[in-house]
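**Student:** have a look; sequence and predicted model below, questions after that.
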Amino acid sequence: MGQIDDRLTALGIELPPEVVVPPDVVLPFAFVNVRGDRAIVSGHGPQAPDGTIAGPFGRVGQELTVEQGFASARLVALSILGSLQRELGSLDRITGWAKALGMVRCDADFQQHPAVINGFSNVIVEVFGPEIGRHARSAVGMSSLPFGMPVEIEAEVLIQT
Amino acid sequence: MGQIDDRLTALGIELPPEVVVPPDVVLPFAFVNVRGDRAIVSGHGPQAPDGTIAGPFGRVGQELTVEQGFASARLVALSILGSLQRELGSLDRITGWAKALGMVRCDADFQQHPAVINGFSNVIVEVFGPEIGRHARSAVGMSSLPFGMPVEIEAEVLIQT
Amino acid sequence: MGQIDDRLTALGIELPPEVVVPPDVVLPFAFVNVRGDRAIVSGHGPQAPDGTIAGPFGRVGQELTVEQGFASARLVALSILGSLQRELGSLDRITGWAKALGMVRCDADFQQHPAVINGFSNVIVEVFGPEIGRHARSAVGMSSLPFGMPVEIEAEVLIQT
């Protein structure tokens, strides 16, 4: 495969298969929407190896620790990379990360959103390096997220056309 | 008018007039900001036929049902299409939808955000078809939204220059 | 310096230095990410003149008034302009504002998000004028934000390459 795929193998990272949603859920949009040289990534959650949405579920800082939120954000990164790989054919087509909006499910007093979303950012920089992996980012607190997921992240990358 | 306008007529969809905000509210920004081949759409809420913000107001899953949230998200789609039509002259200038961020006002236990924001996505795909209407999307839960609206959506489309 | 710098001086606006975060906080992303003709701005909070995150902290509408939220949003604008100036060399390189997502920390009943985020929008239009300063915007309510900040804003501008 490509250079990024080799890098994933070297890091021992395996990407999950297509997202498996509960049977009554309809998602009439594209997980990745390619328009010109932009690949716009829909909000993704953490995935288990079988493609389903991965637990643990709950609010970071309440039912879940910051470390569990970090681990969930790392799984979101892998879910996004899986969607990008399926849509683009190869992750080597990514010429630069643009941005990510990291959303953490938590209660009104939580303050450590950056420490949670670092689980995502660390993977991106580790896999793509400091130049291609460089991204703008926000890390903020949501009162709720679909399916009770603790983390949801949307993103945008630039690609070779 | 254009093809998309004909499609709206065929679907029996009428777009609302310019947003009418309460008299003491100042909004010093563009509802649609055209920059090059991008038309960036500010956060829109549901509109009544007279242009005012449409009720019902409240939190989806509490004061409002998921079905009411879905209906509200559909009105947000029409509000956005109205703003785009006024700014672009014709909706036929839209060459592709890029993304939408769908925000649902709800409490901490709500999990059906996708079912609510489908009220928006369904209109976009119905009116523009699967290729031009294809969009990336996130559907997330906000603790509050302006004016007590149950749904607010921001978006981006690509246009003919 | 440039025209925009002269305008800042004329308005009596001084931009803060680089963001100083608490010692145990790691932020592995770019405050401003330049990709082609786009400068994508990460979520910024209010800064004090010494670069640290500026108080007051709390929820707008609860511990803080709308006026304090407005003042905080104004400080966020200055923080973003400081980051853009450092990254771009000169704010004169900005050819047009694209968008801003204004996030207000507040409780479930708050409704005046636009009045808070106007503290940001007013600065942008005042400094850049109605054409370059024109931006799409959303103003929404978050249950929590990093460090207990009352306002966080992410944005995007277009630049001369």
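**Tutor:** Great, that's in hand. Source: prediction; values computed, not measured. Numbering: from 1, shown residues only, chains lettered A, B, ... in the order given.

**Student:** and the helix ranked longest in chain A, C-alpha only, in PDB?
**Tutor:** With DSSP state H applied, the helix covering the greatest number of residues in chain A is identified as helix A:66-88. Below are the C-alpha coordinates for helix A:66-88, written out as PDB (Å, rounded to 0.1, in the frame of the first residue of the first chain):
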ATOM      1  CA  VAL A  66     -10.300  12.000  31.300                       C
ATOM      2  CA  GLU A  67      -8.100   9.000  30.400                       C
ATOM      3  CA  GLN A  68     -11.200   7.100  29.100                       C
ATOM      4  CA  GLY A  69     -12.200  10.200  27.100                       C
ATOM      5  CA  PHE A  70      -8.700  10.400  25.700                       C
ATOM      6  CA  ALA A  71      -8.900   6.700  24.600                       C
ATOM      7  CA  SER A  72     -12.300   7.400  23.000                       C
ATOM      8  CA  ALA A  73     -10.900  10.400  21.100                       C
ATOM      9  CA  ARG A  74      -8.100   8.100  19.800                       C
ATOM     10  CA  LEU A  75     -10.700   5.700  18.500                       C
ATOM     11  CA  VAL A  76     -12.500   8.600  16.800                       C
ATOM     12  CA  ALA A  77      -9.200   9.400  15.000                       C
ATOM     13  CA  LEU A  78      -9.000   5.800  13.800                       C
ATOM     14  CA  SER A  79     -12.700   5.800  12.700                       C
ATOM     15  CA  ILE A  80     -12.000   9.000  10.700                       C
ATOM     16  CA  LEU A  81      -8.900   7.500   9.100                       C
ATOM     17  CA  GLY A  82     -10.900   4.400   8.100                       C
ATOM     18  CA  SER A  83     -13.500   6.600   6.400                       C
ATOM     19  CA  LEU A  84     -10.900   8.600   4.600                       C
ATOM     20  CA  GLN A  85      -9.100   5.500   3.400                       C
ATOM     21  CA  ARG A  86     -12.300   4.000   2.000                       C
ATOM     22  CA  GLU A  87     -13.300   7.300   0.300                       C
ATOM     23  CA  LEU A  88      -9.800   8.300  -1.000                       C
END
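
**Student:** alongside chain B, which residues does chain A contribute?
**Tutor:** Counting by Cβ under 8 Å from any Cβ of the partner chain, chain A comes close to chain B at A:25-33, A:35-36, A:38, A:40-43, A:59, A:101, A:103, A:107-108, A:142-148, A:152, A:154. Where C-beta positions appear, they are placed from N, C-alpha and C, glycine not excepted.

**Student:** quick one: low-confidence ranges for chain A?
**Tutor:** A:1 (pLDDT under 70).

**Student:** contact partners for the residue in it sticking out farthest from the centre?
**Tutor:** Here chain A reaches farthest from its C-alpha mean at A:Asp109, the gap being 24.3 Å by Cα atoms, centre = their mean. Residues counted as contacts of A:Asp109 (Cβ atoms under 8 Å, 6 or more residues apart in numbering or on different chains) are A:Gly61, C:Ser144.

**Student:** what strand or helix carries it?
**Tutor:** Taking DSSP states H and E as the definition, one finds A:Asp109 inside no helix or strand.

**Student:** residue numbers of chain A in contact with chain C?
**Tutor:** Applying Cβ under 8 Å from any Cβ, one finds that chain A approaches chain C through A:96-101, A:106-115, A:118, A:121-122, A:125, A:134-143, A:158.

**Student:** quick revisit: among the residues of chain A next to chain B, which lie within strands?
**Tutor:** Residues of the residues of chain A next to chain B located in strands (DSSP state E): A:32-33, A:35, A:38, A:40-43, A:101, A:103, A:142, A:152, A:154.

**Student:** helix/strand/coil for A:Ala98?
**Tutor:** With DSSP: H, G, I helix; E, B strand; the rest coil as the basis, A:Ala98 sits in strand.

**Student:** if I pick the residue nearest to it when sequence neighbours are not counted, what's in contact with it?
**Tutor:** The spatially closest residue to A:Ala98, leaving aside those adjacent along the chain, is A:Glu156, at 4.2 Å (Cβ to Cβ, 6 or more residues apart in numbering or on different chains). Applying Cβ under 8 Å, 6+ apart to A:Glu156 gives the contacts A:Arg38, A:Ala39, A:Ile40, A:Val41, A:Trp97, A:Ala98, A:Lys99, A:Ala100.

**Student:** adjacent strands (with direction) for the strand or helix carrying A:Glu156?
**Tutor:** Assigning secondary structure by DSSP H and E places A:Glu156 in strand A:151-159. The strands that strand A:151-159 pairs with in its sheet are strand A:38-44 (antiparallel), strand A:94-105 (antiparallel) (by DSSP bridges).

**Student:** got the angle for the longest one vs helix A:66-88?
**Tutor:** For the pair strand A:94-105 and helix A:66-88, the angle between their directions (axes from the mean of the first three to the mean of the last three Cα atoms, to 10 degrees) equals 140 degrees.

**Student:** now do the buried residues in strand A:94-105.
**Tutor:** Along strand A:94-105, the positions that meet the burial threshold by neighbour count (16 or more other Cβ atoms under 10 Å in any protein chain shown) are A:Ile94, A:Gly96, A:Trp97, A:Ala98, A:Lys99, A:Ala100, A:Leu101, A:Gly102, A:Met103, A:Val104, A:Arg105.

**Student:** pretty sure the fourth one contacts A:Arg137?
**Tutor:** Which is A:Ala98. No. A:Ala98 is not in contact with A:Arg137 according to Cβ atoms under 8 Å; the separation is 10.4 Å.

**Student:** shared neighbours, those two?
**Tutor:** By the contact definition Cβ under 8 Å, 6+ apart, A:Ala98 and A:Arg137 are jointly contacted by no residue.

**Student:** mind listing what's buried in stretch A:150-161?
**Tutor:** By neighbour count, and taking 16+ other Cβ under 10 Å as the criterion, the buried residues in stretch A:150-161 are A:Pro150, A:Val151, A:Glu152, A:Ile153, A:Glu154, A:Ala155, A:Glu156, A:Val157, A:Leu158, A:Ile159.

**Student:** how about the second one, what does it touch?
**Tutor:** Contact criterion Cβ under 8 Å, 6+ apart gives A:45-46, A:60, A:69, A:72-73, A:76, A:102-105, A:116-117, A:119-120, A:145 as the residues in contact with A:Val151.

**Student:** same check, this time on the third one
**Tutor:** In this structure, A:Glu152 makes contact with A:Gly43, A:His44, A:Gly45, A:Val76, A:Met103, A:Arg105, A:Met142, A:Leu145, A:Pro146, B:Ser138, B:Val140, judged by Cβ under 8 Å, 6+ apart.

**Student:** can I get those residues in CSV including distance to A:Leu84?
**Tutor:** As requested, the contacts of A:Glu152 are arranged in CSV below (distance: Cβ to Cβ, whole Å):
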residue, distance to A:Leu84
A:Gly43, 14
A:His44, 10
A:Gly45, 15
A:Val76, 13
A:Met103, 19
A:Arg105, 24
A:Met142, 23
A:Leu145, 21
A:Pro146, 20
B:Ser138, 16
B:Val140, 21
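
**Student:** which of those are buried? Put it as a ChimeraX command.
**Tutor:** For selection in ChimeraX, the members of these meeting the burial criterion (16+ other Cβ under 10 Å) are listed in this command:
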select /A:43,44,45,76,103,105,142,145,146 /B:138,140
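
**Student:** from the contacts of A:Glu152, which is closest to A:Gly12?
**Tutor:** When these are compared for distance to A:Gly12, the smallest value, 18.0 Å, is given by A:Val76; criterion: Cβ to Cβ.

**Student:** which residue is the nearest non-sequential neighbour of that closest one?
**Tutor:** Counting by Cβ to Cβ, 6+ apart, the residue nearest A:Val76 is A:Ile153, at 4.8 Å.

**Student:** cheers, nothing more for now.
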